[in-house]
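> Structure for the following, please:
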Amino acid sequence: MEPTLYSAAMRGNIGDGDFILVDHLKRDEENGYQVTPKGNTVVHVAALYGHSHFAAEVLKITPALLRCQNKKNETALHIAANEGHTEVVRVLLACVEDHNTKEKLTTMTDASGDTALHKAVRSQHLDVVKLLVKEDPEFEFPPNHAQETPLYLAAESGFHDALIVILESCKKPTYAAGPSNRTPLHAAVIQEHKDCIRSLWRWNKPLCEELDLWGWNSLHYAVKLGLIDVVSYMLRWKKSLVYLPAGSENDWTTAIHIAASEGDVNMINELLNHSPDCRDLLNSNNQNTLHVAVLNNQDEVVRFLLDSDKCDSLVDEPDSDGNTPLHLLAASGNHVPELINHPRAKKMSFNKENQTPLDIALSCKVATKKEKLMEDLCSIGRFGKRDNEVKQKYEYIPNPNDETGTGVKMQLREDDHDKAKKADQEEVESIMKSQQSKCSSCFRIEQSRRGSSLLIRL
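Numbers count the residues shown, from 1 in each chain. Next comes the predicted model:
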């Protein structure tokens, strides 16, 4: 672009003794419009620097510049909206009416699929948002190439005022098929913008049932993030939401499992208050809430669940591999005496590989609390080895791709039979020798107190 013309557009100079704007524009019209290296016309430049009067004068002379696009397919309206130059936006929209432009300026998209409203919302210019929405309330403002609608962008960024303007002024605001198939409510919950959540909720309650690409609805994310008030009004609207699975067909969990994996006792309490029977829900691995709490080392949740006799049935419930929560505790190397000494955990239990919790604890490589764990297991008679020998060594391998911590398997690995047998026998004998007198005493005390339901904690 000629330096004199570019400088005039930057300063908003429509003419002085040495410069006459109309002369330059007429020459441009005859010889082709001048542009910058980015493809910006003189109107783009005026829009960038906020010179509304200059833009108006240019468009009186050369109205065709209104719809010209630069190398990013941006019109001057895109640039003015992005910069928040309200008066420039007002002038450009007025020129649409004056010159009867066939295609509405507000519907034109740039190379990213953004309309001017996308730009204004992303840059958080409320006055521009109001002008653009008022200009074309019938337009649905579809998603850009990243699947973002202006409504989605407002929800994700917490631009609540713009969100309200769009909801109240647009007759058909588009909300579906956002990034990762998420709705604006997903976005507001994930970013924890509670004012946006409330407004979207009042506008369209069924949004909370929509699933994203990973099979999670808005309630699942609210549970994960500990948004108790959000969860509360969703469940007051529809209690059945608590039973909806989160995940894929073959790998799914539920709201109460998510709360357990996060260690959120208050959230678990909230879910149980709305739907007491959700305590019995199982995930795709047939694991209950206690299984998941143990797998994620959420000791507070474990104690909370064990503190209620309504959760007793969870203690000895096997998962798909036959593992009770105590088996998984042994695999983790963690030590929770409240679970070890629970009356329903004291019966001899074997998983599908004929292992007791002690068998698993012996082969566990996690050493932090392993010794104390095995001492307690031995002290209550958890000796294991149904076949009286170790035929395989077992290793606890968590699934690294499982965010909820619920996809844990006991996997076999080959090992030397004689070494494993000898090492395990020596370890058991050592522990048993030190615990022998203590064990017999504990058993007698437990028998004498059984009628009073006292638990012996070692």
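> Is the closest residue to Ala116 other than its chain neighbours in a helix, a strand, or coil?
Counting by Cβ to Cβ, 6 or more residues apart in numbering, Ala81 is the residue found nearest to Ala116 once chain neighbours are left out, at 4.1 Å. Using the backbone N, CA and C atoms, a C-beta is placed for each residue, glycine as well. Here Ala81 is recorded as helix under DSSP: H, G, I helix; E, B strand; the rest coil.
> Name the nearest residue to Val45, sequence neighbours excluded.
Val45 sits nearest to Ala9 (Cβ to Cβ, 6+ apart), 3.8 Å away.
> Sorry, wrong one. I was asking about Val128.
Val128 sits nearest to Ala120 (Cβ to Cβ, 6+ apart), 4.1 Å away.
> that older thread, if you tally nearby residues, what's the number for the residue nearest to Val45?
27 (other Cβ atoms under 10 Å).
> what is the mean pLDDT for the helix or strand where it lies?
Taking DSSP states H and E as the definition, Ala9 sits inside helix 3-11. Across helix 3-11, pLDDT averages out at 85.
> Off-centre distance for that helix?
Centroid separation for helix 3-11 versus its chain: 48 Å, with Cα atoms, centre = their mean, to the nearest Å.
> Could you do stretch 83-96 as well?
The answer for stretch 83-96 is 38 Å, by Cα atoms, centre = their mean.
> How about stretch 130-150?
That offset, for stretch 130-150, works out to 25 Å (Cα atoms, centre = their mean).
> now stretch 89-97
Using Cα atoms, centre = their mean, the offset of stretch 89-97 from its chain centre is 41 Å.
> One more: stretch 341-354?
For stretch 341-354, the distance to the chain centre is 36 Å (Cα atoms, centre = their mean).
> mean confidence score for that stretch?
Mean predicted lDDT for stretch 341-354 stands at 88.
> Figure out the length between the terminal residues of that stretch.
From its first residue to its last, stretch 341-354 covers 21 Å (Cα to Cα, to the nearest Å).
> likewise stretch 345-361?
Terminal-residue distance, stretch 345-361 (Cα to Cα): 15 Å.
> List the buried residues in that stretch.
Neighbour counts over stretch 345-361 (16 or more other Cβ atoms under 10 Å) mark 345-346, 349-351, 353, 355-361 as buried.
> what do you get for stretch 52-68?
Buried, per 16+ other Cβ under 10 Å, within stretch 52-68: Ser52, Phe54, Ala55, Ala56, Glu57, Val58, Leu59, Thr62, Leu65, Leu66, Arg67, Cys68.
> picking up where we left off before, tell me what the helix holding Ala9 is packed against?
The criterion is 3 or more Cβ pairs under 8 Å, 6 or more residues apart in numbering; DSSP states H and E, and the helices and strands that helix 3-11 contacts are helix 21-31, helix 42-49.
> Apply 7 Å and report the result again.
helix 42-49 (3 or more Cβ pairs under 7 Å, 6 or more residues apart in numbering; DSSP states H and E).
> Flag the shaky bits of this protein, pLDDT-wise.
Along the chain, segments meeting pLDDT under 70 span 15-20, 22-32, 97-103, 175-177, 364-371, 373-458.
> domain parsing for it?
Using automatic domain parsing, the domain parsing of the chain gives 1-115, 282-458.
> Could you report the neighbour count for Leu295?
Counted with other Cβ under 10 Å, Leu295 comes out at 29.
> gap between it and Asp307?
Using Cβ to Cβ, to the nearest Å, Leu295 is found at 19 Å from Asp307.
> for His125, what are its contacts?
Counting by Cβ atoms under 7 Å, 6 or more residues apart in numbering, His125 makes contact with Ala81, Gly84.
> what's the spacing between it and Leu117?
Distance from His125 to Leu117, by Cβ to Cβ: 10 Å.
> returning to what we had before: export the buried residues of stretch 52-68 as TSV, with columns for secondary structure and distance to Pro276.
Converted to TSV, the buried residues of stretch 52-68 look like this (DSSP: H, G, I helix; E, B strand; the rest coil; distance: Cβ to Cβ, whole Å):
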residue	secondary structure	distance to Pro276
Ser52	helix	63
Phe54	helix	69
Ala55	helix	65
Ala56	helix	67
Glu57	helix	72
Val58	helix	70
Leu59	helix	67
Thr62	coil	72
Leu65	helix	68
Leu66	helix	64
Arg67	helix	62
Cys68	coil	65
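> The residue nearest to Val128: how many residues sit nearby?
Ala120 - counted by other Cβ under 10 Å - has 32 other residues nearby.
> That one reaches Leu126, doesn't it?
No: if you go by Cβ atoms under 7 Å, Ala120 and Leu126 don't touch, sitting 8.3 Å apart.
> For Ser232, which non-adjacent residue is closest in space?
Glu270 (6.3 Å).
> Over to Glu262?
Per Cβ to Cβ, 6+ apart, closest to Glu262 is Lys224, 6.0 Å.
> go on, Asn266?
Ile228 (6.2 Å).
> which residues does the one you found contact?
Asn266, Met267, Glu270.
> By neighbours, which of these wins?
In those, the most neighbours by other Cβ under 10 Å go to Met267, 24 neighbours.
> Now do the contacts for that one.
By Cβ under 7 Å, 6+ apart, the neighbours of Met267 are Val223, Gly226, Ile228, Val231, Ala259.
> dump the residue contacts of Thr324.
Contacts of Thr324 (Cβ under 7 Å, 6+ apart): Asp316, Glu317, Pro318, Ser349.
> quick revisit: please narrow the contacts of Ile228 to those residing in helices.
Asn266, Met267, Glu270 (DSSP state H).
> what about the closest residue to Lys372 other than its chain neighbours, which helix or strand?
Nearest non-adjacent residue to Lys372, counting by Cβ to Cβ, 6+ apart: His335, 5.0 Å away. Assigned by DSSP H and E, His335 belongs to no helix or strand.
> how much space between His335 and Pro357?
12 Å.
> Go ahead and confirm Glu209 touches Asn217.
Yes: if you go by Cβ under 7 Å, Glu209 and Asn217 touch, sitting 5.7 Å apart.
> Could you pull out the buried residues of stretch 302-316?
So for stretch 302-316, counting by 16+ other Cβ under 10 Å, buried means Val302, Phe304, Leu305, Leu306, Cys311, Leu314, Val315, Asp316.
> Let me have those residues in a markdown table, adding secondary structure as columns.
Below are these laid out as a markdown table (three-state DSSP):
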| residue | secondary structure |
| --- | --- |
| Val302 | helix |
| Phe304 | helix |
| Leu305 | helix |
| Leu306 | helix |
| Cys311 | helix |
| Leu314 | helix |
| Val315 | coil |
| Asp316 | coil |
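> and of these, the nearest to Lys372?
Taking Cβ to Cβ as the measure, Lys372 lies nearest Val302 of those, at 16.0 Å.
> That's all I had, so thanks and see you.
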